[in-house]
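J.: Any chance you can model this:
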Amino acid sequence: MNNTQQTLRVGLFFLLGVALVWVTFETLGSGKIWKDKGYTLVAGFDNLRELKVGDEVRMAGVKIGAVEKTRLANRRAEAVLRIDPKIKVPSDSVATISMAGLIGTNYIGVELGSPNVPPLAPGDELRTKVTPDLNTIMTQLGDLGQKLQGALGAFGNAMNGNGEEDGGLFQKLDRLVGENSGKINATMSNLQEITAKINQGEGTLGKLVNDPALHDELLATLGQIRGAADEAKTFVANAQDIVTQVKSGHGTLGTLLYDESAGDDFKALAKNLREVSDKLARGEGTLGKLINDDTLYSDARGTLKKADRALDSMSDAGPVSAVGVLANALF
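T.: Modelled structure (predicted):
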């Protein structure tokens with residue numbers, strides 16, 4: 001009897017141990033002893049980033065499911081998500097792999113999506129987006145540190161020369177100052193002499209700095225320049241007013257430029273003048289003949305000669321006789 005009881009106890013403890021191992025395995029594997037009911041969605045990523053079965057699926061920070069399994073398909077990693085049947089995931093929602101703290105586990109975060117968008121059906125694929133994780137950031141910081149270290153090393157080599165014959169920048173500057181110390185001292189001495197002369201009022205710059213009269217004259221000159229600038233502004237303003245009046249057709253010039261009737265009259269006048277000049281050139285009319293006919297010139301010259309002789313012959317004759325003589329001489 002004692003052996004039977006002992007055997008039953010050993011068998012009971014064995015069964016309890018097996019049950020405890022199974023419960024522990026299920027709890028660590030999926031987070032729950034019994035699998036949740038619900039529907040599945042597929043989320044594809046380039047890298048699941050240590051995401052494992054049982055990790056949570058959250059929407060707006062609230063758990064709505066868990067990762068049921070992970071797999072490789074079509075050169076990408078896929079996570080099959082078991083979603084609570086009470087939760088409807090909009091079709092425009094986007095899933096990302098996030099980290100719960102610096103040393104926490106990863107989880108899949110799902111956006112709320114739009115309220116009026118139809119939900120995803122069981123087995124549909126959920127849109128995903130890649131976000132930088134801690135490992136990527138640390139890798140980038142490491143690369144940045146290496147680049148910064150290389151840049152600082154190059155800067156240090158440029159400053160110190162790194163064993164080159166000419167040396168670095170500091171060595172070159174030291175050598176340059178040493179080789180030109182005499183010239184630098186002479187330059188400083190010259191500058192001291194120049195500043196001393198300026199303080200004593202010598203030279204043009206010294207007088208300008210120390211002579212109040214030159215200062216007053218300079219101010220007066222500046223005042224005159226300002227006055228001339230004001231006059232120039234006034235002239236420009238007046239010129240602008242004149243241009244405005246001309247553009248508006250006021251005044252003689254404005255009427256001539258913008259009045260069509262005045263322009264037509266000017267064109268007619270120019271045409272008449274041209275016609276008159278053409279007639280004069282052709283010898284038409286009295287003035288044209290007078291200009292172009294040599295006989296009129298000859299007749300006028302002969303008449304003047306006759307009048308001259310008649311006046312000479314009148315010197316000894318009386319008034320009546322003079323008139324008769326003049327008439328005979330001319331006609």
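J.: Residues contacting the lengthiest strand in the chain, please?
T.: In the chain, assigned by DSSP state E, the strand with the most residues is strand 62-73. Residues outside strand 62-73 that contact it (C-beta atoms under 8 Å, 6 or more residues apart in numbering) are 30-32, 36, 38, 40, 44, 48, 51-58, 77-84, 87, 89, 108, 110. Quick note: C-beta positions are derived from backbone N, CA and C, even for glycine.
J.: As PDB, could you dump the C-alpha coordinates of stretch 237-245?
T.: This file holds the C-alpha atoms of stretch 237-245, laid out as PDB (Å, rounded to 0.1, in the frame of the first residue of the first chain):
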ATOM      1  CA  ALA A 237      11.300 116.300 -59.000                       C
ATOM      2  CA  ASN A 238      10.600 119.300 -61.300                       C
ATOM      3  CA  ALA A 239      11.800 117.300 -64.300                       C
ATOM      4  CA  GLN A 240       9.500 114.500 -63.300                       C
ATOM      5  CA  ASP A 241       6.600 117.000 -63.100                       C
ATOM      6  CA  ILE A 242       7.500 118.300 -66.600                       C
ATOM      7  CA  VAL A 243       7.600 114.800 -68.000                       C
ATOM      8  CA  THR A 244       4.300 114.000 -66.300                       C
ATOM      9  CA  GLN A 245       2.700 117.100 -67.800                       C
END
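J.: roughly how far is that stretch from the heart of the chain?
T.: 36 Å (C-alpha atoms, centre = their mean, to the nearest Å).
J.: Quick one: mean pLDDT over that stretch.
T.: Stretch 237-245 carries an average pLDDT of 80.
J.: do stretch 271-280 as well
T.: 78.
J.: Pull out the buried residues from it.
T.: Leu280 (16 or more other C-beta atoms under 10 Å).
J.: rewinding a little: narrow the contacts of strand 62-73 to just the buried residues.
T.: Here, 16+ other C-beta under 10 Å leaves 30, 38, 44, 48, 51, 54-58, 77-79, 81-84, 87, 89, 108, 110 buried among the contacts of strand 62-73.
J.: Cool, thanks, talk later.
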